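> Sequence unavailable; structure follows:
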């Protein structure tokens, strides 16, 4: 069976207790990990959420999915995930990236030097996890004889990204790379970007593939407005392949700002969704997932959880899919 985790998108309006219950259900169904998103003001605090999850679970691994370098100093992030690791008896991991620009707009934040900022976040966390005193002079962040007694050197650091430089960075220095909601025709291109970084350093990260598994029309319609977050900043070749224009993206942003998910969902076309997801019957989804995982030798699969209402049925359906892979 494919090793599979769940990615909690922390939809606005969803309480921490609801998220905890989803993770408990996932643990009981044999899912291996829970990745909780850090979406700024749109959702509950990611580290408070992870704390609640580890207190009510016993086996499932827990971590950020993702966090970024701009609302917390990397040393604060290192301390937070090390604290989660301590509380969970070694079940924590950290997933990072530059973050989506729409997360920062409400706070008036910019995203300077995203590649350098993400590199420095990883390097600072890893240095502090070593338990040694650290001085660090980066382009954006510094440490002066910093010390943290709660870290462990074996806390995995994953990187999520889409652009060539970010994916190469993951291949170069991360313990794992998350390929999230990638147009299926371009998966190999993204893997090759990761390999470019691997070749430069000799690093051998794990690779996790993530996309939605859609087994019925209800899940498709609930996923449709949430695809907005996945369509905001795609590479140009992907935009061309699905017929998405910058005007379409701007219209989606305006619709979301004025009317929220219901309004933006009306603008999202089937042809923008289908190339990114696994969709069909239980058997069809199992066959396609198995083919993709074997073809690209991915180490893990991550199922995004985007709606509380459909989650119990979705987890059950995906457990059935996994049993057939």
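In hand now; what should we look at? Predicted, not measured: the structure shown is a model, and the values here were computed from it. Residues are numbered from 1 along each chain as shown.
> now the helices for the stretch 201-325 of the chain?
Secondary structure of the stretch 201-325 of the chain (DSSP state H, counting those that start in this stretch): helices located at 217-226, 236-242, 246-265, 270-273, 282-296, 311-323.
> And for the second one, what's in contact with it?
Pointing back at helix 236-242 there. Residues outside helix 236-242 that contact it (CB atoms under 8 Å, 6 or more residues apart in numbering): 183, 185, 186, 244, 245, 246, 271, 272, 275. In short, each C-beta sits where N, CA and C put it, glycine included.
> May I see the ChimeraX selection of the buried members of those residues?
In ChimeraX, this line selects whichever of those come out buried by 16 or more other CB atoms under 10 Å:
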select :183,186,244,272
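> I'd like to know which of the contacts of helix 236-242 is nearest to residue 302.
residue 183 (16.7 Å; CB to CB).
> so the closest one touches residue 275, yeah?
Yes: with contacts counted by CB atoms under 8 Å, residue 183 reaches residue 275, the gap being 4.9 Å.
> quick one: which of the helices of the stretch 201-325 of the chain is nearest residue 73?
helix 246-265 (29.3 Å).
> And the residue most central in space within the chain, how close does it get to residue 210?
Closest to where the C-alpha atoms of the chain average out (CA atoms, centre = their mean) is residue 65, at 3.9 Å. The gap separating residue 65 from residue 210 is 9 Å, by CB to CB, to the nearest Å.
> Need the residues touching each of those two.
With CB under 8 Å, 6+ apart as the test, residue 65 and residue 210 both reach 7, 178, 302.
> what about the last one, distance to residue 150?
The one in question is residue 302. Counting by CB to CB - residue 302 and residue 150 are separated by 27 Å.
> now do the second one
If you measure residue 178 against residue 150 using CB to CB, the figure is 25 Å.
> Once you drop chain neighbours, what's closest to the residue nearest to the centre of the chain?
In this structure, residue 65 finds its nearest non-sequential neighbour in residue 35, 2.5 Å apart by CB to CB, 6 or more residues apart in numbering.
> Same check on residue 209?
Nearest to residue 209 is residue 298, by CB to CB, 6+ apart, at 4.4 Å.
> can you check residue 36 too?
Using CB to CB, 6+ apart, the nearest residue to residue 36 is residue 8, at 4.6 Å.
> how about the one you found, what does it touch?
19, 22, 23, 34, 35, 36, 37, 49, 65, 305.
> contacting residues for the second one?
When you say that, I think you mean residue 22. Counting by CB under 8 Å, 6+ apart, residue 22 has contacts 6, 8, 305, 308, 311, 315.
> Which one among these sits at the bottom for pLDDT?
Within these, residue 308 has the lowest pLDDT, namely 80.
> Residue 136 - how many residues pack around it?
By other CB atoms under 10 Å, 16 other residues sit near residue 136.
> Name the SS class of it, please.
strand (DSSP: H, G, I helix; E, B strand; the rest coil).
> That one contacts residue 125, correct?
No: using CB under 8 Å, residue 136 is not in contact with residue 125, being 10.8 Å away.
> on that earlier part again, averaging pLDDT over each of the helices of the stretch 201-325 of the chain, which comes out lowest?
Looking across these, the weakest by mean pLDDT turns out to be helix 217-226, at a mean of 89.
> Packing partners of that helix?
helix 246-265, helix 270-273 (3 or more CB pairs under 8 Å, 6 or more residues apart in numbering; DSSP states H and E).
> Quick check: buried residues in that helix?
219, 220, 222, 223, 224, 225, 226.
> shouldn't the last one be in contact with residue 260?
Okay, so that is residue 226. No: the pair residue 226 / residue 260 is not scored as a contact, 11.4 Å apart, by CB under 8 Å.
> any idea how far residue 44 is from the residue nearest to residue 36?
Distance from residue 8 to residue 44, by CB to CB: 10 Å.
> Are there residues contacting both of those two? Which ones?
residue 19.
> helices and strands of this protein: which one has the lowest mean pLDDT?
helix 101-104 (a mean of 75; mean pLDDT, DSSP states H and E).
> Go through that helix and flag the buried ones.
102, 103, 104.
> In contact with the closest residue to residue 234 other than its chain neighbours, which residues?
Nearest in space to residue 234, with sequence neighbours left out and distances taken as CB to CB, 6+ apart, is residue 244 at 6.8 Å. When contacts are counted by CB under 8 Å, 6+ apart, residue 244 touches 231, 234, 238, 272.
> Can you give me the pLDDT of the first one?
What that stands for is residue 231. 92.
> That one and residue 134: what is the separation?
Taking CB to CB, one finds residue 231 at 39 Å from residue 134.
> likewise the last one?
Distance check for residue 272 against residue 134: by CB to CB, it reads 44 Å.
> And for the second one?
Taking CB to CB as the measure, residue 234 and residue 134 are separated by 37 Å.
> same deal with the third one?
Taken as CB to CB, the spacing of residue 238 relative to residue 134 amounts to 39 Å.
> Let me see the contact set for the closest residue to residue 107 other than its chain neighbours.
Counting by CB to CB, 6+ apart, residue 107 lies nearest to residue 40, which is 6.4 Å off, once chain neighbours are set aside. Neighbouring residues of residue 40 by CB under 8 Å, 6+ apart: 71, 103, 104, 106, 107.
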